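> got a predicted model here, sequence first, then my questions.
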Amino acid sequence: MGIKTGFPALIITVLFAALFFPHPAAGRTKLSHAKTAGVKKGNAAILPAQECSKCHSDIFRNWKQSRHAAAYENPVFQTAYRKTWLEEGLAAARLCLPCHAPTVTITGDYTAAEVITREGVTCNFCHGVTAVEMPAVPAKGSGYSHGRDKQPASAAAANEMNQNKNHGAYFTEARPCAGCHDFENRHKVPIGTTWSEWRASSSATAGDHCQKCHMPLIAGRTANKDGRDEMHDHSLATTLESMSGAVTAEIADITVSGNAVTASITIRNVKAGHFVPTGSPARSLVLEIRLMNAAGNVLETQKRIYRKTVTDRNGNEITSFDGAFLHAAAVTADNRIGPGESRTETVLFRTSPGENATVAAELYLLTTPAVAQREEMKIPLSTPGIN
């Protein structure tokens, strides 16, 4: 009997269609993205990333490719945000933007009128964080404390502030990530627990923080003048290549007795310092085991699914991130694969006696992001007449 083991794969199926939702900031004045002036609140100034690029051009270009840079404007978030806005009204901004456009917690720009708000998780926010209070509650600003803001490159204090001496060591730790990657919803249900998962892991004990995997050193200048030749990867890239081998599936044993085929498959979380999957309850890890004949035709398929299950107050399962964020009242199950964990699954297939069969095992991540749907909407333009 042949044995075949599949490779991890990321399967994300997204269908975009026409959408007509009022924009959360409908009616605002749109500003040019070329604007570089900072936004002031009191005596503080928080500046757009373009200002940072004057001295850190390689890092700026690298960051522009990141999910942080797209945290506000990416279509998956925007669809979920519009759905939340239709349900929550103005409260949606205070629920969602402290993580997807965190400068609002400093500027108060909850209508996203300013360029810096639409920059998502931008330089000047992260490099001004001095502390994170846990557990984070997004509606309360995600627990971030923000210190003295950096000044423009032309300011007299530029050299002192751009060196960021006060918080350099802090940025090598996992805690700055915690405010948005470990949080409860308003019902006190832990939705994203990536930081807590890491904190309880052997990676944390060994001193391996988030940045080791998610911000490794890459080629590039830390500064245009007198910078180092290696910089940390600000693209935070998560690719098939970077995920490959993080979790493995190995067929450990196969026994055949008559028409019964029993296969044991061992799953190992080899590299991830957090659960797999982590973050959104809309993500699942799927182990798919197939029994195939000599011609390669699939005779039978079985699946094992690993995920965090959340339900609303009526016990209904919630499978979308925005739904979990708003309505999850309880975590009712969690069978995800923990850091360093090995787990063996046993499956039983039935086949014809003497069949030359092959067993194949494959792991993949399955996610169900919020996407636009075609939907008929009735928009009243007049008051109905009554006779």
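Received the coordinates, thanks. As the structure is a prediction and not an experimental result, all values here were calculated from the model.
> so who does the closest residue to Tyr170 other than its chain neighbours touch?
Once flanking residues are discounted, Tyr170 sits nearest to Pro176: 6.4 Å by CB to CB, 6 or more residues apart in numbering. Every residue, glycine included, has its C-beta placed from N, CA and C. Applying CB atoms under 8 Å, 6 or more residues apart in numbering to Pro176 gives the contacts Cys126, Val129, Val132, Tyr170.
> now swap in Pro281 and tell me
When contacts are taken as CB under 8 Å, 6+ apart, Pro281 is in contact with Ile191, Arg307, Lys308, Thr309, Val310, Ile318, Thr319, Phe321, Ala324, Ala328.
> could you tell me which of those count as buried?
Ile191, Arg307, Lys308, Thr309, Val310, Ile318, Phe321, Ala324, Ala328 (16 or more other CB atoms under 10 Å).
> give me the neighbour count for Ala219.
Other residues within reach of Ala219, judged by other CB atoms under 10 Å, total 9.
> all strands of the stretch 151-300 of the chain, in order?
182-184, 190-193, 217-219, 230-232, 247-257, 260-269, 283-292, 298-306 (DSSP state E, counting those that start in this stretch).
> averaged pLDDT, the fifth one. What do you get?
Spelled out, that is strand 247-257. For strand 247-257, mean pLDDT rounds to 93.
> next: the second one.
When the per-residue pLDDT values of strand 190-193 are averaged, the result is 93.
> related to what we said a few turns ago, which ones among the contacts of Pro176 map onto strands?
Val129, Val132 (DSSP state E).
> what's the closest of the contacts of Pro176 to Leu287?
Among those, Val132 lies closest to Leu287 (CB to CB), at 34.9 Å.
> where in the stretch 151-300 of the chain is pLDDT low?
151-168, 239-240 (pLDDT under 70).
> from the strands of the stretch 151-300 of the chain, which stretch is densest packed?
Each of the strands of the stretch 151-300 of the chain was given a mean neighbour count from mean count of other CB atoms under 10 Å, and the largest, a mean of 23, is that of strand 182-184.
> what's the spacing between that strand and its chain's center?
13 Å (CA atoms, centre = their mean, to the nearest Å).
> helices or strands up against it?
The contact analysis (3 or more CB pairs under 8 Å, 6 or more residues apart in numbering; DSSP states H and E) places strand 182-184 against strand 190-193, helix 194-199.
> to Phe60, which of the ones you listed lies closest?
That would be helix 194-199 among those, by CB to CB, at 26.2 Å.
> ok so, going back, how about TSV for the contacts of Pro281, with secondary structure and distance to Thr122 added?
Converted to TSV, these look like this (DSSP: H, G, I helix; E, B strand; the rest coil; distance: CB to CB, whole Å):
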residue	secondary structure	distance to Thr122
Ile191	strand	24
Arg307	coil	32
Lys308	strand	30
Thr309	strand	34
Val310	strand	30
Ile318	strand	31
Thr319	coil	31
Phe321	helix	22
Ala324	helix	26
Ala328	coil	29
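> so what's His100 up against?
Ala71, Tyr72, Phe77, Tyr81, Gly120, Val121.
> what's the neighbour count on the fifth one?
This points to Gly120. Counted with other CB under 10 Å, Gly120 comes out at 25.
> ok, the closest residue to it other than its chain neighbours to Leu47 distance?
Distance criterion CB to CB, 6+ apart; nearest residue to Gly120, sequence neighbours excluded, is Ala71 at 3.3 Å. Counting by CB to CB, to the nearest Å, the gap from Ala71 to Leu47 is 18 Å.
> now Pro190
Distance, Pro190 to Leu47, by CB to CB: 34 Å.
> do Asp109 as well
Separation of Asp109 from Leu47 (CB to CB) stands at 14 Å.
> and for those two, which residues touch both?
Ile116.
> for the longest helix along the chain, the distance to its chain's centre please.
Secondary structure of the chain per DSSP state H: the longest helix is helix 75-88. Its chain's average C-alpha position is 16 Å from that of helix 75-88, according to CA atoms, centre = their mean.
> what is that helix packed up against?
helix 91-100, helix 321-327.
> that helix vs helix 91-100, what angle?
150 degrees (axes from the mean of the first three to the mean of the last three CA atoms, to 10 degrees).
> what mean pLDDT does helix 75-88 have?
Averaged over helix 75-88, pLDDT sits at 93.
> got the phi and psi for the closest residue to Pro353 other than its chain neighbours?
Leaving aside its sequence neighbours, Pro353 sits nearest to Asn259 (CB to CB, 6+ apart; 5.2 Å). Main-chain torsions, Asn259, degrees, to the nearest 10: phi -100, psi 10.
> on that earlier part again, which one of the buried ones among the contacts of Pro281 is nearest to Ala370?
When the buried ones among the contacts of Pro281 are ranked by distance to Ala370 (CB to CB), Phe321 comes first, at 6.9 Å.
> so who does the closest one touch?
Here Phe321 is in contact with Ala80, Ser280, Pro281, Ala282, Pro369, Ala370 (CB under 8 Å, 6+ apart).
> put together JSON lines for those residues, with distance to Lys225 on each row.
Output for the contacts of Phe321, formatted as JSON lines (distance: CB to CB, whole Å):
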{"residue": "Ala80", "distance to Lys225": "41"}
{"residue": "Ser280", "distance to Lys225": "41"}
{"residue": "Pro281", "distance to Lys225": "46"}
{"residue": "Ala282", "distance to Lys225": "45"}
{"residue": "Pro369", "distance to Lys225": "41"}
{"residue": "Ala370", "distance to Lys225": "43"}
